[in-house]
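Participant: For reference, the sequence and a predicted model appear below.
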Amino acid sequence: MGCFCSKGVKRTPGYEEPTILASETPFTVSEVEALYELFKKLSSSIIDDGLIHKEEFNLALFRNRNKRNLFADRIFDLFDMKRNEDKTAFAFRLYDLRHTGYIEQEELKEMVVAILHESDLVLSEDVVETIVDKTFREADVKGDGKIDQEEWKEFVSKNPSLIRNMTLPYLKDITLAFPSFVLSSEVEDSEV
């Protein structure tokens, strides 16, 4: 009798080849590999079960697994729904706090205030109102007092910095909490 031994590399359940994921998403091969490495670090920081629990997510962002934050809660809740969406649609859902299918001015203000707080930026109420009013006027092309997905997509295309924090350079900052996380790839992005 013989024994069958697999010589393949053991992968986490749900793992897919980076080249395949890169071809099906807006991410490059290097970004997919880097995100996978970050996922492995995050998903085993408290409970080693291949899932990122809210406490692990908060620990990565705040070095405190019990700290609550509107922005972090929204990001976790949206990812926890296990949907595969592009960055623009993700950002839309992030700002749509009340799940109405529209971004209302008060929701925009709540998220701006939360982002400023996380960035340790202190702005006067007047400045925050000016930012929110200007942003809302530019995005609400139809002038109906709400931003729909079509308006949001157009607004983001004119203001790509809105989704800049959803890119790899921003995610590299998270690695400060995980110093052993190294961004390296065996495949060049141009190979995709």
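Facilitator: That came in fine, so what should we check first?
Participant: any idea which element Ile52 lies in?
Facilitator: For Ile52, there is no enclosing helix or strand under DSSP states H and E.
Participant: Helices of this structure, start to end?
Facilitator: Under the criterion DSSP state H, the chain carries helices at the ranges 18-24, 29-43, 54-62, 70-80, 87-95, 105-118, 125-139, 149-158, 168-174.
Participant: mind listing what's buried in the third one?
Facilitator: Going back to what we said before, that points to helix 54-62. 56-61 (16 or more other C-beta atoms under 10 Å). For glycine as for every other residue, the C-beta is placed from the backbone atoms N, C-alpha and C.
Participant: what's the answer for the first one, then?
Facilitator: When neighbours are counted by 16+ other C-beta under 10 Å, the buried residues of helix 18-24 are found to be 18, 21-22.
Participant: Tabulate these (JSON lines), appending distance to Arg68.
Facilitator: What follows is the buried residues of helix 18-24, written out as JSON lines (distance: C-beta to C-beta, whole Å):
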{"residue": "Pro18", "distance to Arg68": "34"}
{"residue": "Leu21", "distance to Arg68": "32"}
{"residue": "Ala22", "distance to Arg68": "34"}
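Participant: Looking at the buried residues of helix 54-62, spot the one nearest Glu31.
Facilitator: When the buried residues of helix 54-62 are ranked by distance to Glu31 (C-beta to C-beta), Ala60 comes first, at 17.5 Å.
Participant: thinking the closest one is in contact with Ser45, fair?
Facilitator: Yes. Ala60 is within contact range of Ser45, at 7.0 Å (criterion: C-beta atoms under 8 Å).
Participant: of the buried residues of helix 18-24, closest to Val113?
Facilitator: Leu21 (34.4 Å).
Participant: Quick check: chain neighbours aside, which residue is closest to that closest one?
Facilitator: Spatial nearest neighbour of Leu21, chain neighbours left out: Val32 (4.7 Å); criterion: C-beta to C-beta, 6 or more residues apart in numbering.
Participant: for that neighbour, what are its contacts?
Facilitator: With contact set as C-beta atoms under 8 Å, 6 or more residues apart in numbering, Val32 has these partners: 18, 21-22, 25.
Participant: Check the burial of Gly101 by counting its neighbours.
Facilitator: 11 (other C-beta atoms under 10 Å).
Participant: Give me the phi and psi angles of it.
Facilitator: Taking degrees, to the nearest 10, you get phi 90, psi 0 for the backbone angles of Gly101.
Participant: Contact partners for Asp98?
Facilitator: Actually, residue 98 is Arg. It isn't Asp. By C-beta under 8 Å, 6+ apart, the residues touching Arg98 are 104, 107.
Participant: burial measure for Asp126, as a count.
Facilitator: Using other C-beta under 10 Å, Asp126 has 8 neighbouring residues.
Participant: Show the pLDDT at it.
Facilitator: We have a pLDDT of 92 for Asp126.
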